[in-house]
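> the following comprises the amino acid sequence and a computationally predicted model.
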Amino acid sequence: MVKLNIFLLIFLFSNLYSEHYFANYLKVGSSLTYIRNGEKDIYGDIQGEIEYTWNINLGIPLNKRLFTGLQLLNIYASEIGERKKYYAVYGLFNQYQFVKTKTFSLFAETSFNRGNYCTCNNIPFKKKDLYYLGIGSGTEIVIPKIKNLSLDLSFIFYEILNKIQGKYSYTQYIIGINYKIIGR
């Protein structure tokens with residue numbers, strides 16, 4: 001998996017960029033994801049886990065269809081009724097825009113990340129030096145009345161690359177906004 005992402009990075013940074021598009025804007029994005037997993041116990045109280053993920057990202061275009069950047073996932077999770085714990089996942093993401101118009105784009109995304117959020121066994125816990133491969137897709141829709149602002153709707157599956165017993169994929173559903181800062 002790591003070799004695949006290294007190949008993608010070499011592919012993206014080869015001579016595929018176009019001077020007309022390369023870094024002609026910076027896009028800043030932010031999203032919030034809320035997940036609640038729980039069931040009622042025999043007393044009617046909800047037991048389970050609550051999780052918030054605040055994703056912040058910065059990126060630039062490499063050419064008309066390729067986009068790359070950095071991301072930080074701030075994850076706040078806790079069992080219901082317990083104190084929240086903080087986790088962080090950060091890394092590099094790449095997007096290929098299959099469909100791109102002035103008001104809409106449809107893209108596939110890969111990412112390589114490092115963090116401490118171990119989705120292992122039933123309850124996630126903190127573990128240092130984890131590596132993740134992210135794969136997903138989404139759409140970006142320009143908000144017509146507000147210049148340079150767009151709505152981001154997407155999902156990403158993060159697979160832990162480390163050899164850990166009981167690990168499972170971490171899924172992030174994204175509803176966010178992006179703001180484009182024009183450079184040239």
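Perfect, thanks for sending it. The shown structure was predicted, so the numbers you read here are calculated from the model rather than taken from an experiment.

> partners of the residue most central in space within the chain in the sheet?
Residue closest to the mean C-alpha point of the chain, counted by C-alpha atoms, centre = their mean, is residue 156 at 5.9 Å. With DSSP bridges as the criterion, residue 156 is bridged to residue 136, residue 172.

> in terms of pLDDT, where does it sit?
pLDDT recorded at residue 156 is 94.

> how much space separates residue 173 from residue 61?
25 Å (C-beta to C-beta, to the nearest Å). Placement of C-beta: from N, CA and C, glycine included.

> the more surrounded of those two?
residue 61 (23 against 15; other C-beta atoms under 10 Å).

> quick check: buried residues in stretch 161-174?
For stretch 161-174, the neighbour count (16 or more other C-beta atoms under 10 Å) marks 161, 167, 170, 172, 174 as buried.

> just those now: which is nearest residue 87?
Lowest distance from residue 87 to these (C-beta to C-beta) belongs to residue 170, with 9.9 Å.

> next, give phi and psi for that closest one.
Main-chain torsions, residue 170, degrees, to the nearest 10: phi -100, psi 120.

> was I right to think it contacts residue 117?
Yes. Between residue 170 and residue 117 there is a contact under C-beta atoms under 8 Å: 6.6 Å.

> shared neighbours of those two, anything?
Common neighbours of residue 170 and residue 117 (criterion: C-beta atoms under 8 Å, 6 or more residues apart in numbering): residue 124.

> quick one: residue 64 is in a helix?
No. Assessed with DSSP: H, G, I helix; E, B strand; the rest coil, residue 64 is coil; it does not lie in a helix.

> any idea how far it lies from residue 138?
Residue 64 is 18 Å from residue 138, by C-beta to C-beta.

> many thanks, have a good one.
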